[in-house]
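S.K.: no sequence on hand, only this structure:
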């Protein structure tokens with residue numbers, strides 16, 4: 001009981017914002033018109049835990065949300081806006097959100113390639129089945145490591161500091177939750193690739209590649225950006241961008 005209370009206090013502390021400046025790089029209209037179901041929206045967070053995650057992963061991105069669109073059955077907000085995103089929040093657990101929640105935030109769209117309608121339905125069903133699942137608040141040490149946002153740890157060991165967890169599949173953080181959904185489709189993010197001899201009598205040096213799924217708890221938000229299997233979408237230039245139309249101050 002005491003550990004659970006302490007963990008919740010830590011989660012609330014780590015979820016507090018440390019800055020409020022806006023670093024958005026796309027117009028709101030462009031974002032709304034560009035997103036498609038299945039897209040992963042990466043977020044440059046501004047909370048205490050975000051600072052630690054960005055440092056440990058050496059990345060701009062500290063959070064990820066899955067865009068499923070207004071027809072996914074995620075409900076609506078109190079003001080009637082459709083929930084189109086689903087994410088794993090440290091305090092609230094896996095929850096739906098309207099897109100406007102990240103209206104003034106620096107984001108990036110990572111788009112899987114080649115998903116069909118059945119894949120989107122499967123991804124949506126998976127996400128809906130996880131609604132309400134919580135982060136493991138009993139694991140105090142999982143949270144306490146973020147109290148020091150920039151620990152003096154060699155670069156090659158920093159990623160390992162994010163790999164702790166209870167192992168309970170019903171309790172997830174943002175990138176773990178999304179990675180598990182794509183891996184259920186057998187869609188690659190950053191798989192382990194091994195090569196083997198092709199055993200082709202006509203080609204002694206030929207090799208074949210075999211992919212192996214990584215455990216979803218090992219994924220971080222930056223992995224969707226780094227993945228060669230996700231296309232980076234920039235809303236501003238998707239909408240017939242014309243640099244000649246920019247109103248420069250010095251002109």
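M.R.: Ah, there it is. Since the structure is predicted, the reported quantities are computational estimates derived from the model, not experimental observations.

S.K.: please enumerate the helices of the stretch 101-250 of the chain.
M.R.: 117-130, 140-144, 155-158, 174-184, 222-226, 235-238 (DSSP state H, counting those that start in this stretch).

S.K.: dump those to CSV, plus mean neighbour count and mean pLDDT.
M.R.: For glycine as for every other residue, the C-beta is placed from the backbone atoms N, C-alpha and C. Listed next are the helices of the stretch 101-250 of the chain as CSV, based on neighbours: other C-beta atoms under 10 Å; pLDDT from 0 to 100:
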stretch, mean neighbour count, mean pLDDT
helix 117-130, 16, 96
helix 140-144, 16, 69
helix 155-158, 10, 72
helix 174-184, 23, 92
helix 222-226, 21, 94
helix 235-238, 15, 88
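
S.K.: got TSV for those helices, with distance to residue 195 too?
M.R.: TSV is the format used below for the helices of the stretch 101-250 of the chain (distance: least, C-beta to C-beta, whole Å):
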stretch	distance to residue 195
helix 117-130	28
helix 140-144	36
helix 155-158	24
helix 174-184	21
helix 222-226	21
helix 235-238	37
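
S.K.: those helices: which one's closest to residue 75?
M.R.: Ranking the helices of the stretch 101-250 of the chain by distance to residue 75, with C-beta to C-beta as the measure, places helix 117-130 first at 10.3 Å.

S.K.: in terms of secondary structure, what does the closest one contact?
M.R.: Packed against helix 117-130, as judged by 3 or more C-beta pairs under 8 Å, 6 or more residues apart in numbering; DSSP states H and E, are the following elements: helix 174-184.
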